[in-house]
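Student: structure for the following, please:
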Amino acid sequence: MVYLFIFAAKKQTMQKIISTEKIPIKMWLDAPEEGALKQALNLASLPFAFSHICLMPDTHEGYGMPIGGVLATDNVIVPNAVGVDIGCGMCAVKTNILANNLERKQLTQIMSGIRELVPLGFEHHKERQDESLMPQGYCIDELVVVKRQYLAALKQLGTLGGGNHFIELQRADDQFLWIMVHSGSRNFGLQVAEYYNKKAKKLNESYYSSVNPKADLALLPFETDEAHTYYQEMKYCTEFALANRKLMMERIQQVVSNILGNVCYEPMINIAHNYAAWETHFDKKVIVHRKGATSAKKGETGIIPGSQGTKSYIVEGLGNPESFMSCSHGAGRVMSRSAAIRNLNLEEEKRKLDDLGILHSIRGKSDLEEASSAYKDISQVMEFQSDLVKILVELSPLAVIKGL
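Tutor: Numbering: from 1, shown residues only. Below you'll find the model as predicted:
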């Protein structure tokens with residue numbers, strides 16, 4: 001395997017290129033783990049892959065395609081290159097409150113109030129939420145999975161979910177208080193992903209696709225109705241995920257205002273990962289799949305969170321064409337969830353957060369799945385992608401609520 005190294009002296013970054021495949025693999029990180037690299041090689045062999053494959057600095061093994069991967073395709077869409085939590089993403093809001101003036105009692109009250117209004121993990125609202133908050137402009141009868149899940153989703157709207165989803169109160173480098181939420185499309189995305197991946201596998205079998213079925217990268221050509229329907233359902237899930245974050249943010253702001261009094265909030269910043277979109281790159285209209293990667297167009301404001309207890313960043317995209325104008329979506333795992341539970345020490349991880357003065361809810365071994373030691377060093381991740389984004393605001397956590 002041949003690696004070429006490109007150095008950008010001014011930014012002190014290194015882009016590595018694997019040039020032995022059908023198309024190059026461009027990486028903004030040191031050598032990725034074996035499983036992720038194997039998946040990247042599969043992507044580079046796809047007959048419909050365009051120009052090159054990108055691996056962001058948070059890359060790690062996923063299902064079919066690595067998390068932190070960017071794939072551009074010629075007139076086909078790949079459900080597993082989008083992922084199961086379609087439209088998962090981040091939102092953040094700056095307040096006019098100086099975080100250093102907050103008392104620990106106030107933070108505790110805010111976190112308790114949030115838990116009362118925002119269901120966590122597998123919990124849903126008991127009542128259906130306002131239907132007008134759902135994505136508009138779609139004919140639901142034409143969306144097979146969305147139609148089937150619609151009524152259940154009305155109770156999932158404004159809920160956090162589990163896994164690595166979180167709500168944080170953060171202190172910026174200028175001392176102002178920020179609110180950040182990481183969440184996705186709840187069960188909508190999972191159901192859409194699984195339904196259309198099965199459809200893609202059957203179609204690929206019927207027309208003897210050259211894609212190796214073991215790669216889990218079954219495709220839907222846009223000559224098929226299935227590709228168009230999946231694209232619409234994927235877009236709906238992405239908009240639902242945004243609506244979900246917006247409703248949580250509104251209720252969090254309600255709690256913060258009740259506790260702190262006269263609070264002003266700046267407009268919400270939102271950025272999604274796990275989606276595909278028609279875009280023009282290198283003078284060609286292609287479908288860009290971002291799985292655990294976010295858009296970083298020139299001047300675009302984005303959010304790159306760290307792991308639990310570490311810093312997060314508000315960034316501005318630099319529009320680097322070599323990454324299909326993309327950047328990482330976070331720190332990226334170095335341990336699987338099961339490995340984190342096996343290998344990390346619960347008391348040690350709790351002590352890390354306690355020593356930083358961060359309010360948290362780590363109680364049992366299962367909470368180790370999202371411990372900071374299970375993730376890459378976010379500061380190094382940011383260094384690797386300094387030619388992709390510029391840091392605008394550095395955020396340090398004050399209190400965190402995790403999905404159960």
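Student: so where's the chain shaky on pLDDT?
Tutor: Along the chain, the parts satisfying pLDDT under 70 run over 1-14, 208, 363, 404.
Student: that one: helices as residue ranges?
Tutor: Using DSSP state H, the helices of the chain run over 34-44, 104-117, 144-156, 187-206, 225-260, 337-343, 346-355, 378-384.
Student: looking at these, which is nearest to residue 391?
Tutor: Closest of the helices of the chain to residue 391 is helix 378-384, at 6.6 Å (criterion: CB to CB). (C-beta placed from N, C-alpha, C; glycine too.)
Student: so which residues make contact with the closest one?
Tutor: 12-14, 28-29, 57-58, 304, 306-307, 310-313, 328, 330-332, 389, 391 (CB atoms under 8 Å, 6 or more residues apart in numbering).
Student: is it possible to mark the buried ones in those?
Tutor: Buried members of those, counted by 16 or more other CB atoms under 10 Å: 13-14, 28-29, 57-58, 304, 306-307, 310-313, 328, 330-332, 389.
Student: state the distance from residue 204 to residue 234.
Tutor: According to CB to CB, to the nearest Å, residue 204 and residue 234 sit 18 Å apart.
Student: quick check: which of the helices of the chain is nearest to residue 368?
Tutor: Closest among these, using CB to CB: helix 337-343, at 4.9 Å.
Student: list the buried residues of the closest one.
Tutor: Going by neighbour count (16+ other CB under 10 Å), the buried part of helix 337-343 is 340, 341.
Student: and stretch 197-217, how far from the chain's centre?
Tutor: Chain-centre distance of stretch 197-217: 26 Å, with CA atoms, centre = their mean, to the nearest Å.
Student: what's the end-to-end length of it?
Tutor: 8 Å (CA to CA, to the nearest Å).
Student: next: stretch 211-222.
Tutor: From its first residue to its last, stretch 211-222 covers 16 Å (CA to CA).
Student: next one: stretch 305-321
Tutor: Stretch 305-321 has its terminal residues 23 Å apart, counting by CA to CA.
Student: can you give me how far that stretch is from the chain middle?
Tutor: Relative to the centre of its chain, stretch 305-321 is centred 11 Å away, using CA atoms, centre = their mean.
Student: then stretch 179-197?
Tutor: Put simply, stretch 179-197 sits 10 Å off its chain's centre (CA atoms, centre = their mean).
Student: and stretch 153-160, by the same measure?
Tutor: Relative to the centre of its chain, stretch 153-160 is centred 18 Å away, using CA atoms, centre = their mean.
Student: same check, this time on stretch 28-36
Tutor: So, by CA atoms, centre = their mean, the centroid of stretch 28-36 is 19 Å from its chain's centroid.
Student: and stretch 367-381, by the same measure?
Tutor: Relative to the mean C-alpha coordinate of its chain, stretch 367-381 is positioned 15 Å out (CA atoms, centre = their mean).
Student: span of it from start to end?
Tutor: First-to-last residue span, stretch 367-381, CA to CA: 23 Å.
Student: which parts of it are buried?
Tutor: By 16+ other CB under 10 Å, the buried positions in stretch 367-381 come out as 367, 368, 369, 370, 371, 372, 373, 374, 375, 376, 378, 381.
Student: of those, closest to residue 66?
Tutor: Using CB to CB, residue 376 comes nearest to residue 66 of the buried residues of stretch 367-381, at 13.5 Å.
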